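Participant: just a sequence and a predicted model for now, questions to come.
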Amino acid sequence: MLVDTRPTTFDELIRISGLSHGTDVWLGNAQSLIEEGTVTLNEAICCRDDIMIYLIKKGVPPNPAFKIMETVRKGKALKDPEKWEEYKQMMKDHDVPDWYIKSCEKIKYMFPKAHAAAYVTNAFRIAWFKVHKPLAYYAAFFSIRAVDDFDSEIMIFGKEKVKNKMKEIDMLGNNATQKDKTMYPVLELVLEMYERGFEFLPIDLYNSDATKFQIEEGKLRPPLNSIPGLGTVAAKGIAEARKEGKFMSIDDLKIRAKIGNSVTDLLKQFGCLKGMSQSNQMSLFA
């Protein structure tokens, strides 16, 4: 839709939102009219409110203009032929063009303009951050939207690893697992981040948050729970335990954070326990 319509104003973005959420409003309807040059995006029927406002401007009294809008937006234009003929004649009497009437007849459902405006306002805010405050955008997206699909083992070690995983999923096609399918859009966003020149910092036992991506030194620090297999409960346990001070050993970490061997093994794989001894006991020969 964006390619076909080339929007330049906020109002046009709202119109596109209305078109995309309606049924038989764009495909085989507004799209064809725009491609043929019959109408522009600003003239096409996009949201249900457009009909009533347009008809009132044409001189149709407000009450029938509202009833025509309600009939069209519910997809009932052709379900009551007798009533629709009455409405059609009224529109023709007020110089409503044939293309407009035919467009109304094709519509099955229409989106309210206020709803479209709310969607676009929210999307516009997000888009502003993506362009002007990219790290804040990626930190928020990965922390909130990708919480179950962000896999640090694949995603934080450079774009080549990300590209390889995407190729692997592409090659599997329909045989890809559901987990891989839901991970794919997150991989795309991680690759986009790399292509824009941003990187991840290593996961750190003391500096990584339990669940949120954080901005540090112009990079993103992934949270502890982004380690595959390390759950949110264990991550929060570690974050709470480290408030009491540094861990003396791996055993100390396990006791204070209430975690088991499987979690410490995962932390070891990501280099989070580098230089930490297994227990507090000193070796006789140390």
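Facilitator: Ah, there it is.
Participant: what is the lengthiest helix in the chain packed up against?
Facilitator: Ranked by residue count and defined by DSSP state H, the top helix of the chain is helix 113-132. Of the remaining helices and strands, those touching helix 113-132 by 3 or more C-beta pairs under 8 Å, 6 or more residues apart in numbering; DSSP states H and E are helix 10-21, helix 48-57, helix 134-144. The way it works is simple: take the backbone N, C-alpha and C, and place the C-beta from them, glycine included.
Participant: give me whichever of those is most buried.
Facilitator: Most buried of the helices and strands packed on helix 113-132, by mean neighbour count (mean count of other C-beta atoms under 10 Å): helix 10-21, with a mean of 20.
Participant: tell me where the stretch 151-286 of the chain has strands.
Facilitator: Taking DSSP state E, counting those that start in this stretch as the criterion, the stretch 151-286 of the chain carries its strands at 214-216, 219-221.
Participant: want to try CSV for these, with mean neighbour count as columns?
Facilitator: Listed next are the strands of the stretch 151-286 of the chain as CSV, based on neighbours: other C-beta atoms under 10 Å:
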stretch, mean neighbour count
strand 214-216, 15
strand 219-221, 19
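Participant: and the ones you listed: which comes nearest Lys274?
Facilitator: In this view, the strands of the stretch 151-286 of the chain are compared for proximity to Lys274 by C-beta to C-beta, and strand 219-221 is the closest at 16.4 Å.
Participant: grab the nearest non-local neighbour of Leu191.
Facilitator: Val162 (5.0 Å; C-beta to C-beta, 6 or more residues apart in numbering).
Participant: okay, that neighbour: pLDDT?
Facilitator: You'll see Val162 listed with a pLDDT of 95.
Participant: what of Gln278?
Facilitator: The predicted local distance difference test score for Gln278 is 83.
Participant: again, but for Gly229
Facilitator: Model confidence at Gly229, given as pLDDT, is 89.
Participant: offset the numbering so it begins at 15, please.
Facilitator: Renumbered: residue one is now 15, and that last one reads Gly243.
Participant: roughly how far apart are it and Ile252?
Facilitator: Using C-beta to C-beta, to the nearest Å, we find Gly243 at a distance of 14 Å from Ile252.
Participant: domain map for this protein?
Facilitator: Domains of the chain are assigned by automatic domain parsing as 16-128, 147-283.
Participant: same list (those domains) but as JSON lines, adding distance to Asn136.
Facilitator: Written out in JSON lines, the entries for those read as follows (distance: least, C-beta to C-beta, whole Å):
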{"stretch": "domain 16-128", "distance to Asn136": "10"}
{"stretch": "domain 147-283", "distance to Asn136": "13"}
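Participant: now Gly36. Nearest residue, chain neighbours left out?
Facilitator: Among residues not flanking Gly36 along the chain, Met124 sits closest, at 4.9 Å (C-beta to C-beta, 6+ apart).
Participant: hang on, the one you found packs against Ser31?
Facilitator: No. Here Met124 lies out of contact with Ser31, judged by C-beta atoms under 8 Å, at a distance of 11.8 Å.
Participant: before we move on, back to that, between Gly243 and Ile252, who's got more neighbours?
Facilitator: Neighbours were tallied for Gly243 and for Ile252 using other C-beta atoms under 10 Å; the higher tally belongs to Ile252 (25 against 13).
Participant: list the contacts of that one.
Facilitator: For Ile252, the residues meeting the contact criterion (C-beta atoms under 8 Å, 6 or more residues apart in numbering) are 219, 224, 238, 267, 271, 273.
Participant: distance of the most centrally placed residue in the chain from Pro236?
Facilitator: By C-alpha atoms, centre = their mean, the mean C-alpha position of the chain lies nearest to Arg159, the distance being 7.2 Å. Using C-beta to C-beta, we find Arg159 at a distance of 15 Å from Pro236.
Participant: cool, and Thr135?
Facilitator: 31 Å.
Participant: and the lowest-mean-pLDDT helix or strand in the chain, what does it pack against?
Facilitator: Among the helical and strand segments of the chain, the one scoring lowest on mean pLDDT, DSSP states H and E is helix 16-19, with a mean of 85. Secondary structure elements in contact with helix 16-19, counted by 3+ C-beta pairs under 8 Å, 6+ apart, are helix 24-35, helix 45-50.
Participant: for that helix, buried residues please.
Facilitator: Using 16 or more other C-beta atoms under 10 Å as the test for burial, helix 16-19 gives Thr19.
Participant: CA atoms only for it, dumped as CSV, please.
Facilitator: The C-alpha atoms that make up helix 16-19 are tabulated as CSV, following Å, rounded to 0.1, in the frame of the first residue of the first chain:
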residue,chain,number,x,y,z
LEU,A,16,2.8,2.4,0.9
VAL,A,17,4.5,1.7,-2.5
ASP,A,18,1.2,2.1,-4.4
THR,A,19,0.1,5.3,-2.6
